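Undergrad: Show me how the following folds:
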Amino acid sequence: MPEYQSLSTQELLDLERQLQKEYAAWQAKGLQLDMSRGKPSTEQLDLSMGMMDIFSSQHPMKTDSGVDIRNYGQLEGIWEARELFSKVIGVAPEEMIVCGNSSLIVMYDTVARAMLHGVPGGRKPWGRYEKIKFLCPVPGYDRHFSICEYFDIDMIPIPMKSDGPDMDLIEALVSKDETIKGIWCVPKYSNPQGITYSDAVVRRFANLKPAAPDFRIFWDNAYVIHHLYDDQQDHLLDLFTELKKNGKESMLYMFASTSKISFAGAGVSFLASSLENMVAITKQLSVQTIGPDKINQLRHVLYFQNVENIYEHMRKHAAILRPKFQVVQETLERELGDAGIGRWNNPRGGYFICFEALEGCAKRIVSLCKEAGVVMTSAGATHPYGRDPQDSVIRIAPSFPPVEELRQAAELFSLCVKLASVEKLLAQRAAEEKTPA
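TA: All right, here's what the predicted structure looks like:
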């Protein structure tokens, strides 16, 4: 396949006509496929169904420490859950709270709490500033951006590099501006690029010297054990340990959940931070709630029992996910590999493939896909305010569709990339011809 940019204008016109015919044939199939969100498939959710058999009406509804899980109390979560899942995210049980089913709720609450009451070390609540700002590595997770937008927090895009966000820019910004209060990070198998922050990047985070004494790193470790390959796992340096070396552990809020381990709608979530932060958080929780769902927490503990069983469980998830990633990657390579009209990542874990089209093509590609029956994540969702300046990044979510449907979706997506790219190149040629020498 020749590079599209090397084709003559007539060759591009001929190719456009051919692609339009192929596209019309796909439209006639009446497909209804969804690659819009990183949802676990039914097959993945079935892996945890044994958890539903843990309890019966005769089961003693108490923890080993004697807590009646049907009653009020245990704001920080039952000890057994804190002990088990602290091993997954690498903190002490005292340094984490086990919450409800969604880490997104915990992240939202953490920002809301800071807006209303501030955080330890701060001069006043964030909401009492005329304006505050968050740093947002891009491409990034749209729901992080939605939280900031909801609270009217200005977002500053930070470009991602191959080993993590641009630390030169981060260090320069936070050291001078007290209104920069936080940064969103997905440090392992990032959403959507699948990048794991290097040791050097993590150490630079640990050595940040922000102008704001209440600056916080929102460390969304959503994919901490979500590997696709047993023998090619990324390693993430423990930021909490590195911060402790500098006496800065209160700068970190770490989040995770079992949403893509057990049940997406009925897992448990975690918030880890310093003991100083834990005191402030539990004080607020004592007003907000009389206790979490301890029945669900104990159900998870009794089902998994130990961290080794959790790792084995994740290998089963990987066995389901791996062929799906491979079919998308193989299709992209076959259809687009030499065309010079896009590039994509081959992640070792996480839930997404990040595709970068020619500048100005992402919205058109997503629109073409939708018109032919494949729903993608909205173009621009990977950037604050839904605005991708280059209009080039598209997030592909292979997890939910069955393999055969995914193969069709990947083939149609590739066709849409070709068609949108040819349209773009022809428009450029036409503009060049009109421009006087």
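Undergrad: residue boundaries of the strands in the stretch 1-150 of the chain?
TA: Taking DSSP state E, counting those that start in this stretch as the test, the strands found in the stretch 1-150 of the chain are 33-35, 96-98, 133-138.
Undergrad: actually the stretch 151-300 of the chain, not the one I typed
TA: Using DSSP E, counting those that start in this stretch, the strands of the stretch 151-300 of the chain run over 154-161, 164-165, 180-185, 216-220, 252-257, 269-272.
Undergrad: picking up where we left off before, distance to Leu228 for the strands of the stretch 1-150 of the chain - can I get that in a markdown table?
TA: All C-beta spots, glycine's among them, are computed from the backbone N, C-alpha and C. Formatted as a markdown table, the strands of the stretch 1-150 of the chain follow (distance: least, C-beta to C-beta, whole Å):
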| stretch | distance to Leu228 |
| --- | --- |
| strand 33-35 | 17 |
| strand 96-98 | 26 |
| strand 133-138 | 22 |
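Undergrad: least reliable of those strands going by mean pLDDT?
TA: Lowest mean pLDDT of the strands of the stretch 1-150 of the chain: strand 33-35, a mean of 88.
Undergrad: can you give me the offset of that one from its chain's centre?
TA: Distance of strand 33-35 from the chain centroid (C-alpha atoms, centre = their mean, to the nearest Å) equals 18 Å.
Undergrad: Run me through the strand neighbours of it, direction for each.
TA: According to DSSP bridges, strand 33-35 forms sheet pairs with strand 374-376 (parallel).
Undergrad: helix or strand right after the partner strand?
TA: Beyond strand 374-376 on the C-terminal side, the first helix or strand identified by DSSP states H and E is strand 393-396.
Undergrad: quick revisit: tabulate the strands of the stretch 151-300 of the chain (JSON lines), appending distance to Thr9.
TA: Below are those laid out as JSON lines (distance: least, C-beta to C-beta, whole Å):
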{"stretch": "strand 154-161", "distance to Thr9": "34"}
{"stretch": "strand 164-165", "distance to Thr9": "40"}
{"stretch": "strand 180-185", "distance to Thr9": "44"}
{"stretch": "strand 216-220", "distance to Thr9": "47"}
{"stretch": "strand 252-257", "distance to Thr9": "51"}
{"stretch": "strand 269-272", "distance to Thr9": "55"}
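Undergrad: Ok, which of the ones you listed comes nearest Asp338?
TA: strand 154-161 (25.7 Å; C-beta to C-beta).
Undergrad: Only alpha carbons, please: show the closest one as PDB.
TA: Backbone C-alpha positions of strand 154-161 (Å, rounded to 0.1, in the frame of the first residue of the first chain) are rendered in PDB as follows:
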ATOM      1  CA  ASP A 154      -9.900  25.900  34.700                       C
ATOM      2  CA  MET A 155      -8.000  23.100  33.000                       C
ATOM      3  CA  ILE A 156      -4.500  23.400  31.600                       C
ATOM      4  CA  PRO A 157      -3.600  20.700  29.100                       C
ATOM      5  CA  ILE A 158      -0.200  19.000  29.600                       C
ATOM      6  CA  PRO A 159       1.200  17.100  26.600                       C
ATOM      7  CA  MET A 160       1.900  13.400  27.200                       C
ATOM      8  CA  LYS A 161       5.300  12.000  26.200                       C
END
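Undergrad: buried sites along it?
TA: Within strand 154-161, the residues that count as buried by 16 or more other C-beta atoms under 10 Å are 155-158, 160.
Undergrad: do the same with stretch 317-332
TA: By 16+ other C-beta under 10 Å, the buried positions in stretch 317-332 come out as 317-318, 320-321, 324-325, 327-329, 331-332.
Undergrad: and if you look at stretch 140-158?
TA: By 16+ other C-beta under 10 Å, the buried positions in stretch 140-158 come out as 140-142, 144-148, 151, 153, 155-158.
Undergrad: Repeat that for stretch 284-304.
TA: Buried residues in stretch 284-304, counted by 16+ other C-beta under 10 Å: 284-285, 291-294, 296-301, 303-304.
Undergrad: follow-up on the earlier one: with distance to Gly267 and mean neighbour count added, can I get the strands of the stretch 1-150 of the chain in a markdown table?
TA: Formatted as a markdown table, the strands of the stretch 1-150 of the chain follow (distance: least, C-beta to C-beta, whole Å; neighbours: other C-beta atoms under 10 Å):
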| stretch | distance to Gly267 | mean neighbour count |
| --- | --- | --- |
| strand 33-35 | 22 | 21 |
| strand 96-98 | 11 | 25 |
| strand 133-138 | 25 | 23 |
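Undergrad: how about these, which one is nearest Tyr197?
TA: Closest of those to Tyr197 is strand 133-138, at 9.7 Å (criterion: C-beta to C-beta).
Undergrad: Can you tell me what sits against the closest one?
TA: With C-beta atoms under 8 Å, 6 or more residues apart in numbering as the test, strand 133-138 has contacts from 144-145, 148, 153-160, 164-165, 170, 173-174, 177, 179-186, 190, 382-384.
Undergrad: Which residue, other than its chain neighbours, is closest to the residue most central in space within the chain?
TA: Compute the mean C-alpha point of the chain, and by C-alpha atoms, centre = their mean the closest residue is Asn191, 3.6 Å away. The shortest distance from Asn191 to any non-neighbouring residue, by C-beta to C-beta, 6 or more residues apart in numbering, is to Tyr141 (4.5 Å).
Undergrad: what sits against the one you found?
TA: 184, 186, 191-192, 220.
Undergrad: For those residues, which entry has the maximal number of neighbours?
TA: For these, the largest number of neighbours (other C-beta atoms under 10 Å) sits with Pro192, at 28 neighbours.
Undergrad: Could you measure from that residue over to Pro139?
TA: According to C-beta to C-beta, to the nearest Å, Pro192 stands 6 Å off from Pro139.
Undergrad: okay, and the common contacts of the two?
TA: Jointly contacting Pro192 and Pro139 under the rule C-beta under 8 Å, 6+ apart are 354, 382, 393, 395.
Undergrad: Would you quantify the distance from the last one to Tyr311?
TA: With distances taken as C-beta to C-beta, Arg395 is found 27 Å from Tyr311.
Undergrad: neighbour-wise, which of these two wins?
TA: Using other C-beta under 10 Å as the criterion, Arg395 and Tyr311 rank with Arg395 on top: 27 against 14.
Undergrad: any idea how far the more buried one is from Glu171?
TA: For Arg395, the distance to Glu171 - C-beta to C-beta - is 28 Å.
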